[in-house]
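**Q** Quick one, what's the 3D model for this:
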Amino acid sequence: MHSFNFDGDRNLVVKFEKTGNYENDYEINDFLNEAGFVKKSEDDIFSTYVYSVNDPVIAIKTINWTIEKFTKVFGDDVLDVAEKIQNILVNFQNKNEMFEKALQDAIDVKNKTEHNPEISPNFKRELLPYQKEGVEHLLTVGNGANFSVPGSGKTTIAYAAISKWLDDKVVEKIFVIGPTASFVPWEEEFESCFGRRPRRIRLRGDIVSELPNIGNSYELFLMHYATAMNRIVEINNFLTNYDTVLIIDESHWIKNPQLRRYASTALAIAPNAKRRIVLTGTPMPNDARDLWTQLTFLWPLNYPLGNQIQYNDYVQKRGIGKYKDKITPWFNRITKRDLDLPKPIFKNYRIDLGPIQREIYDVIAAKTLQEIQDADIREQSKLQKFRIAKMVRLLQTASNPSMLEEHSHDLNVDPEEYGLSEQKIKVSGIKDLKIYDKILNYSKYHEIPSKLVEAEKIAQELMEQGEKVIIWSAFKLNMWVCKNKLFKGYNPILINGDISRDPDDDVNRDQEIYKFKNDPNSKLLIATAASLGESVSLHKNLLGDKVCNHAIYLDRNFNGAQFMQSMDRIHRIGMDKKTIVNYHLIVAKKTIDEKIHERLWEKNVDMHAALNSHDLEPLDYEGNVIEPTGPEFEQDYNALVDHLRGKDEGKLRDYNDG
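**A** The predicted structure follows:
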C-alpha cells in the first residue's frame, strides 16, 4: 500500500510502491514530479518541502491533489493517509464551515437596525452608537474589515471586539502590523479602552529574532511592514505558539494588484492567526483590485474573491459589479456624515503681495507662460516633469521668492513632503537685470513675504487668546523662517520629513507630537501634511483635554488628499460638541493660489461624496504619494494655464457654502 505522511522536518512524504502497471505507475510518477515531490531513494520515496506552518495553503492544496490523484488512478483506500494529514484536512473543512456561517451571519448583522454587541466588562470606554455595528460585525464574522473614514474610532472598535475574545479565551495576544505612526495610537487607545497601560513591545531589529521566546512578557506587539516582510518565520512561529488576533492597520499598504512584498507577507502569515482584522479609511486607493489581498488575508484558506487573476481582470474592466455581494459582507463602514461632528469654519484671507514680490511673481508668471507655449515635449514622462516644475516654481514665488535662487538647495522638492515627483527648479533666462537682482537677493530688500506676515498675525492673535495652533506648509524654508524668525520666542515644534521616526533618537516625531498635545507651553506646531498623516490625532490628548482647533494654511498645493487629511487631524470623534474647528486659508491675490483654492474645493466636494457613501469608492484619502498623472493632474495643469492667461475668476470660493 502507498503511504502519505510528514517527516520530522515537516516535509510531505509519499511512499509509492510500483504496481507493475506501467501506464498507472508512470502517471503517478509524473504527477509527483509535477506537484513538486523529489525522489529521495531507490525505494520510490518522494518528499517535498511544504512547511505547513509557513504555507498551509500550499500544503492543503498539495495534500488534496495527492489524495485525489491516487484515488483516481488506483481507487479508494490505496493510500494510507497519516492521522496528522487527516487532521489538517478536517481542520480545513471546519474552517470552510466557519467561513460559510460567517458569510451568512455577516449579512444578517448588516441588515439589522439596532446593535448591542456583548463586550467585556473590562472595556472602559463607552461606544458611540455608530461604532456598535462595527463591533458586532467583528464579533460575528471573526475575521473582518473596518473601512470607516479616518477619525471614526476604528482602533476603539477593534479593541472592543478583542475585549470579548480575550474574556472568552479565543485569543491571548494582540499583534499589530502597520506604519510607525500607528504605534502610539494603539498604545494610547489601549489605555483609554481598558483603563491601564498595556504590556507592549515595538518589534524591530535584533529583538525580533527572540519573538517566539518573549511572548509571555507582553500582550500588545507592534511591528512595521518592513520588519514583518523579513521575519515571516519568526512571526509564524509566534502565531503557532499563541492564540493571536493579527491586525493589519492602514491595510491599503498591502493593496493589490502587484502583490508586492508587504502583500505577500500578509498572506504568508495570515493562516496561523486565530483571528484577523484589517483596518483602513482607504480600502481602494486606486480601484477594486486593491481589495483582493485585504479580503484574502481575512480568509486565506477560502479565497472570498476567488482567483486573483480572474478577479483583477473583471474589476479592472467593469468595477466591483458581480463581486459586490462577495465583498460587502466582510466589511463595516462608518461614513463622514455618521460622525455628526460640528461643522468646521473656513476663514479666507485674501492678501496682496508686497511690491517687490509682485514684480517678481508677474515676471515669473510671464516667463512660465512663454515656456509653456514654446515647449515641444513629446515624451510623456519628460512632459510631466516639465509641468510639475512650472507649478512648483509658481507656488514658491507666490509663497516666498527667497526659494527661487537664494535657497536653491530648498528647491529639491521631496515627493513625500509635497505629493509630487522630485524636481530641481532653477530660475534662468530673466532678461530684466533689475528683476533678476531682486530674485537673487530678495531677502536683502527687507520685504517679508506677505503670506508669512499674515500667518504670523493670525497665529499670534490666537496664541495670545490661549489657543494652540498648527501652521501647515509644503516648503521647508518657510517652516524654518517660522520656527527660527517669526515665532522664535514661542519655541515652536517643527515636524517634517527630517524629523526622525525612531523613538530612540533624542528628537523624534512621537516625542514632538506628545509635547504639543500635553505641554501647556507648547502652543505652536509647524508641519507638513505628509509628515503628520495616518493615525495622528491632534484634537485632544490622552486625558481627554482639548488640544487644538485652529489650523493655518500658509501654502497649499493641488494634493487634495493631503489637504483633507491635514484637516482631519483636528476634526475627529472625541472632540467636544461645542468646539468649533477653524481652518485659516491664506491666499495670495492674482496668483496660482486662487486656482489651487478652487481646485481643492472641487476635490473636497468629490471626496466628501465618497466619504459619505456606504459603498466603496476608489479614493486615495490617506494622502499617499501617487504619480501626478491622469485626468486629475490634467485639470490641475489646465488650471495653472488658465491663471497664466489671465482667466482667474477673481472671487474666492467660500468652502463654508460647500
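
**Q** low-scoring pLDDT stretches of the stretch 201-350 of the chain, where are they?
**A** Counting by pLDDT under 70, the stretch 201-350 of the chain has low-confidence residues at 256-260.

**Q** Can you give me the buried ones in stretch 386-393?
**A** With burial defined by 16 or more other C-beta atoms under 10 Å, the residues of stretch 386-393 counted as buried are 387-393. C-betas here are computed from N, CA, C, even on glycine.

**Q** TSV for those residues, including pLDDT and secondary structure?
**A** Output for the buried residues of stretch 386-393, formatted as TSV (pLDDT from 0 to 100; DSSP: H, G, I helix; E, B strand; the rest coil):
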residue	pLDDT	secondary structure
387	80	helix
388	80	helix
389	80	helix
390	83	helix
391	85	helix
392	85	helix
393	86	helix
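
**Q** longest helix anywhere in this structure?
**A** Criterion DSSP state H: the longest helix present in the chain is helix 83-111.

**Q** Quick one: list the elements packing against that helix.
**A** Of the remaining helices and strands, those touching helix 83-111 by 3 or more C-beta pairs under 8 Å, 6 or more residues apart in numbering; DSSP states H and E are strand 2-6, helix 56-74, helix 129-141.

**Q** Can you point out the buried residues in the helix or strand that comes right after the second one?
**A** Spelled out, it's helix 56-74. Next along the chain after helix 56-74, taking DSSP states H and E as the criterion, comes strand 79-81. Of all the residues in strand 79-81, those buried under the rule 16+ other C-beta under 10 Å are 79, 81.

**Q** and strand 79-81, what does it pack onto?
**A** Going by 3+ C-beta pairs under 8 Å, 6+ apart, strand 79-81 lies up against strand 2-6, helix 56-74.

**Q** Partner strands of the shortest one, with direction?
**A** Under the criterion DSSP bridges, strand 2-6 sits next to strand 12-15 (antiparallel), strand 79-81 (parallel) in its sheet.

**Q** can you list these in a markdown table and add distance to residue 461 and mean pLDDT?
**A** What follows is the strands paired with strand 2-6, written out as a markdown table (distance: least, C-beta to C-beta, whole Å; pLDDT from 0 to 100):
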| stretch | distance to residue 461 | mean pLDDT |
| --- | --- | --- |
| strand 12-15 | 73 | 90 |
| strand 79-81 | 78 | 92 |
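
**Q** closest one to residue 608 among the ones you listed?
**A** Closest to residue 608 of the strands paired with strand 2-6 is strand 12-15 (C-beta to C-beta; 53.6 Å).

**Q** pLDDT score for residue 448?
**A** Residue 448 carries a pLDDT value of 90.

**Q** Please report the distance of it from residue 360.
**A** Going from residue 448 to residue 360 by C-beta to C-beta, to the nearest Å gives 14 Å.

**Q** who has more neighbours, the two?
**A** Shown here are residue 448 and residue 360; by other C-beta atoms under 10 Å, residue 360 has more neighbours (24 against 15).

**Q** Out of the helices and strands packed on strand 79-81, name the one with the poorest average pLDDT.
**A** helix 56-74 (a mean of 86).

**Q** which residues touch residue 222?
**A** Residue 222 makes contact with 176, 178, 182-183, 186-187, 200-203, according to C-beta atoms under 8 Å, 6 or more residues apart in numbering.

**Q** need the next SSE after the helix or strand where it lies, C-terminal direction.
**A** Assessed by DSSP H and E, residue 222 sits inside strand 220-223. Moving toward the C-terminus from strand 220-223, the first helix or strand encountered (DSSP H and E) is helix 225-228.

**Q** Name the residues that touch that next one?
**A** 177-179, 203-204, 208, 235, 253-254, 262, 265, 269.

**Q** Can you turn the buried part of those into a PyMOL selection?
**A** Selection of the buried residues among those in PyMOL, burial being defined by 16+ other C-beta under 10 Å:
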select buried, resi 177+178+179+203+204+208+235+253+254+262+265+269
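
**Q** Tell me the one of the contacts of helix 225-228 nearest residue 145?
**A** Using C-beta to C-beta, residue 254 comes nearest to residue 145 of the contacts of helix 225-228, at 11.8 Å.
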